[in-house]
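Enquirer: Sharing a model prediction with you, sequence too.
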Amino acid sequence: MMNHTISRRTLLQSSAAATAAFITAPALLAAEEEQKSSADEAPHRGAIFKSVKWGMIGVKGSVEEKFSLMKELGYDGMELISPGNLDIDECVSASKKTGMPIHGVVDMVHWRQRLSSPDEAVRKKGLDALIHAIEDTAGFGGSSVLLVPGKVTGENESHEHVWQRSIVEIRKALPVAAKLGVRILIENVWNGFCETPELLRDYIDEINSPWVGVYFDIGNVRKFSPSEDWIRTLSNRIVKLDVKDWGKANGFCKIGDGDVNWPEVRKALTEIGFAGWCTAEVRGGDETRLKEIAKRMNQSLGL
């Protein structure tokens, strides 16, 4: 027959365990609630990484000092320029020492040496600059070149011209992009081209290359329609984000002060499963200004 007698020691152990559980439970619940609250407030923390355009840094110092300052201010990496006067070896060294990756470059001549120009010689210069930017990106250890594919200027540079001419030139750069592992990312800007999300989607799909995607500018599209609608339509064609705000009353303004519906933008980014780099493209300045930009990016994107 089993002995059902409970010893004093067993009773005390059970009582202690129950007491510990009673004391610990509220703390665990509080920790869980805090973790849930943090996730709700920063749904994209750890999935979206902050960067700043090189030209926004309005402080003096060496390349390494600037990289280091950006890290102190809360940025995760850097976006540089091509062509430019930056030494690749110096930048790579600064990146390694500070732990601040260079995620890509901006093609700095795409507005002048347009891939959509009616002048074949100008298109050739634009293509050469794009290939050079791809090579620079690879040298920096980055993964993308931001490109504006052209501009609608009139009869000799219509929407159809920009569409067809730019695709021809971009395809010429694809072998180099593929060889070096660098993606060409099309930014949506106020250039009269692809001013609906469906048009930009179809433009990317016509190029039909894994080496071409969208560098989606959240603020630029707000003039035309809600940013979140563009995100849902473009979906996984979006590889990186430019971050700015715009409003009918105040034009381009501080992030969070315009008409962009940031809660809906965050929701749309969650829906498409976006993860990657976002880079501020606003008026830069001194350390105080750059710190404010990082804070506004955190608040607006939930970082």
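Expert: Now that the structure is in, tell me what you want to look at. Remember, it's a predicted structure, so these values are computed and weren't measured experimentally.
Enquirer: Settle this for me: residue 74 is touching residue 52, isn't it.
Expert: No: with contact defined as Cβ atoms under 8 Å, residue 74 does not reach residue 52; the gap is 10.1 Å. Bear in mind the C-beta positions are built from the backbone N, C-alpha and C, glycine included.
Enquirer: Now do the shared contacts for the two.
Expert: Residues touching both residue 74 and residue 52 (Cβ atoms under 8 Å, 6 or more residues apart in numbering) are residue 294.
Enquirer: Quick check on these two: which one has the bigger neighbour count.
Expert: Counted by other Cβ atoms under 10 Å, residue 74 and residue 52 do not tie: residue 52 has more neighbours, with 25 against 15.
Enquirer: doesn't residue 232 make contact with residue 268?
Expert: Yes: when contacts are counted by Cβ under 8 Å, residue 268 is listed as touching residue 232 (5.3 Å).
Enquirer: Which one of those two is surrounded by more residues?
Expert: residue 268 (22 against 16).
Enquirer: Name the SS class of that one, please.
Expert: The local conformation at residue 268, judged by DSSP: H, G, I helix; E, B strand; the rest coil, is helix.
Enquirer: let's number from 359 now, not from 1
Expert: Yep, numbering from 359; the last one is residue 626 now.
Enquirer: pLDDT below threshold where in the stretch 459-608 of the chain?
Expert: For the stretch 459-608 of the chain, applying pLDDT under 70 flags no range at all.
Enquirer: in it, which spans are helices?
Expert: Ranges of helices in the stretch 459-608 of the chain, per DSSP state H, counting those that start in this stretch, are 478-498, 517-538, 555-565, 585-592.
Enquirer: Packed most tightly, which of those helices would that be?
Expert: helix 585-592 (a mean of 21; mean count of other Cβ atoms under 10 Å).
Enquirer: Dump the C-alpha coordinates for that helix into CSV.
Expert: Output of helix 585-592 as CSV, limited to C-alpha atoms (Å, rounded to 0.1, in the frame of the first residue of the first chain):
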residue,chain,number,x,y,z
SER,A,585,3.1,56.2,-49.6
GLU,A,586,1.7,53.0,-48.1
ASP,A,587,-0.2,52.3,-51.4
TRP,A,588,3.1,52.4,-53.3
ILE,A,589,4.7,50.1,-50.8
ARG,A,590,2.0,47.5,-51.1
THR,A,591,2.0,47.7,-54.9
LEU,A,592,5.8,47.6,-55.3
